[in-house]
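A.B. asks: Just to be clear, the model below is a prediction. Sequence and coordinates:
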Amino acid sequence: VKISYEVIDGDSGNVVAVGNLTGGMSGLFELQERVANRVHEDLLGARPSTRIETRRPPDPAAYMSYMRGLHAFENRIEPGNLERAIAFFEQTTREDSAFGPAYIRLANAYVLLPDNAPVDARAALDKAMAAAEQGKTLDEDLLGPASAVIGCVHAQRRDWQNAELFFQDAMNSRVIDANA
């Protein structure tokens, strides 16, 4: 597989960056990551920290469920999409129980659920906590995003001292997760 990219400045129309990368179908996720890293480096330089990612490629079916969950989560303002995101992330964890990022996204969705749907807040926050704990257990690189979610759970429960501790952990993390 050969991927060519060209980044064009939307205002001026000038070409900002051009590149090519090659790889095999068996390493498609790694190739995708290499393309993202190269474009980022071309635009902004080397990264001081890493994005949320997994240590190994997920099961392809699980990855499709995960991507559907991300889409629903990103469009959560539309009625029912947060619940759909939860369903897709739960499906992802059933399809690939070792895919840590799915647990972090599931935890994010559960934290937001009580403010967006008529649900038992305590039960939703318990599920958020369990999912965040599972995500960080599976992948130590997810400690920061998990800490952000756990901090949100403590804040929702008005446990300010623990919320602050977990938020500090999240802010000191080297992993960037825009949703945490």
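C.D. replies: In hand now; what should we look at? Residues are numbered from 1 along each chain as shown.
A.B. asks: residues contacting T92?
C.D. replies: 58, 62-63, 65-66, 69, 99, 102, 106 (Cβ atoms under 8 Å, 6 or more residues apart in numbering). Just so you know, the C-beta spots here come from the backbone N, C-alpha and C atoms, and that holds for glycine as well.
A.B. asks: which of the residues you listed has the most neighbours?
C.D. replies: A102 (31 neighbours; other Cβ atoms under 10 Å).
A.B. asks: what's the burial count for D141?
C.D. replies: 20.
A.B. asks: what ranges do the strands span in the protein?
C.D. replies: Ranges of strands in the chain, per DSSP state E, are 2-8, 15-22, 50-51, 175-176.
A.B. asks: Show me what the second one pairs with in its sheet, parallel or antiparallel.
C.D. replies: Read that as strand 15-22. Using DSSP bridges, strand 15-22 pairs in its sheet with strand 2-8 (antiparallel).
A.B. asks: now the strand it pairs with, how far from the chain's geometric center?
C.D. replies: In terms of Cα atoms, centre = their mean, to the nearest Å, the centre of strand 2-8 is set 25 Å apart from its chain centre.
A.B. asks: now what about it, what contacts it?
C.D. replies: 14-23, 31, 35, 38-39, 42-43.
A.B. asks: how about 10 Å then?
C.D. replies: Contacts of strand 2-8 with the rest of the structure, by Cβ atoms under 10 Å, 6 or more residues apart in numbering, involve 14-23, 31-32, 34-35, 38-39, 42-43.
A.B. asks: Kindly supply the ChimeraX command isolating those of those that are buried.
C.D. replies: A single ChimeraX command selects the buried members of those (16 or more other Cβ atoms under 10 Å):
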select :21,23,31,35,38,39
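A.B. asks: ok, back up a step: mind putting the contacts of T92 into JSON lines with pLDDT and distance to N172?
C.D. replies: Below are those laid out as JSON lines (pLDDT from 0 to 100; distance: Cβ to Cβ, whole Å):
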{"residue": "P58", "pLDDT": "73", "distance to N172": "27"}
{"residue": "A62", "pLDDT": "87", "distance to N172": "30"}
{"residue": "Y63", "pLDDT": "88", "distance to N172": "30"}
{"residue": "S65", "pLDDT": "92", "distance to N172": "32"}
{"residue": "Y66", "pLDDT": "92", "distance to N172": "27"}
{"residue": "G69", "pLDDT": "93", "distance to N172": "28"}
{"residue": "F99", "pLDDT": "90", "distance to N172": "25"}
{"residue": "A102", "pLDDT": "92", "distance to N172": "24"}
{"residue": "L106", "pLDDT": "95", "distance to N172": "24"}
